[in-house]
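Visitor: Below are the sequence and a predicted model for it; my questions follow.
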Amino acid sequence: MNKIIITISRQYGSGGLLIAQELSKCLKVEYYDKNLLLIAAQKSGLRTEILEQFDEKKHLELLENLTGYITCPENFALNDTLFKIQSDIIKTIAKKSSAIFVGRCADYILRDMQNCVHIFIHANLQDRIKRISEKNKIDKDKALEQINIIDKERSKYYNYYTSKTWKDVNSYDLSINSSILGISNTAEIIISFSNKLKGCF
């Protein structure tokens, strides 16, 4: 297998992380999601729980939501610092080996790298509500609320750091509805598509 990088952007509740895990298992390639925060914490010396407050959120939301939690003005740039650290980590990993990256604007960060396949995962709203309701053990109304909040955060984060539009089909090589085929079959389609596009598997 030649080196291949797959980036996955995803709607909340679409199963994007599950698909990344399935791809990782099938291809025997490491996937990176929140584990990038651990690497970033080790590199920056900051605590992981602090970085989690900034993960995939742009700084204007932090100014609104973390008032009283962070009082030092310099710390308002922490999320920009985290983005830079994660970007460097993503580039370093991608140069060395095959990898699957979930979120964190990886498609934009690696836009100039060869053998990258950029995927957007979406799903029918009712399937997303059901998945989040069962995963988080909450009712469907609360699940819908979480979906709206997190999708909004991801969209603002992506738009802010890339100057592009989250969910714009022009940003991705393939946009796929995971509700149609389910997790495993969606992963198979991505593998087949990547092979035809890049000839890597």
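Guide: Good, I have the coordinates. Numbering: from 1, shown residues only.
Visitor: Following the chain past the lengthiest helix in the chain, name the next helix or strand.
Guide: Ordering each helix of the chain by length in residues (DSSP state H) puts helix 140-162 first. Scanning forward in sequence from helix 140-162 by DSSP states H and E, the next helix or strand is strand 174-177.
Visitor: Other residues contacting the following helix or strand past that following strand?
Guide: Using DSSP H and E, the next helix or strand after strand 174-177 towards the C-terminus is helix 178-198. If you take C-beta atoms under 8 Å, 6 or more residues apart in numbering as the criterion, helix 178-198 is touched by 2, 4, 6, 14-16, 18-19, 22-23, 26-27, 115, 117, 119, 121-124, 127, 173-174, 176, 200-201. C-beta coordinates here come from the backbone N, C-alpha and C atoms, glycine included.
Visitor: Swap in 6 Å and give it another go.
Guide: Residues from elsewhere that reach helix 178-198, judged by C-beta atoms under 6 Å, 6 or more residues apart in numbering: 14-15, 18-19, 22-23, 115, 117, 119, 121, 123-124, 127, 174, 176, 201.
Visitor: List buried residues within these.
Guide: Burial by neighbour count, 16 or more other C-beta atoms under 10 Å: within the contacts of helix 178-198 this picks out 14-15, 18-19, 22-23, 115, 117, 119, 121, 123, 127, 176.
Visitor: out of these, which one sits closest to Ser97?
Guide: Asn115 (11.5 Å; C-beta to C-beta).
Visitor: So the spatially most central residue of the chain versus Ala20, what's the distance?
Guide: Compute the mean C-alpha point of the chain, and by C-alpha atoms, centre = their mean the closest residue is Gly103, 1.3 Å away. Using C-beta to C-beta, to the nearest Å, Gly103 is found at 10 Å from Ala20.
Visitor: With Ile85 instead?
Guide: Using C-beta to C-beta, Ile85 is found at 21 Å from Ala20.
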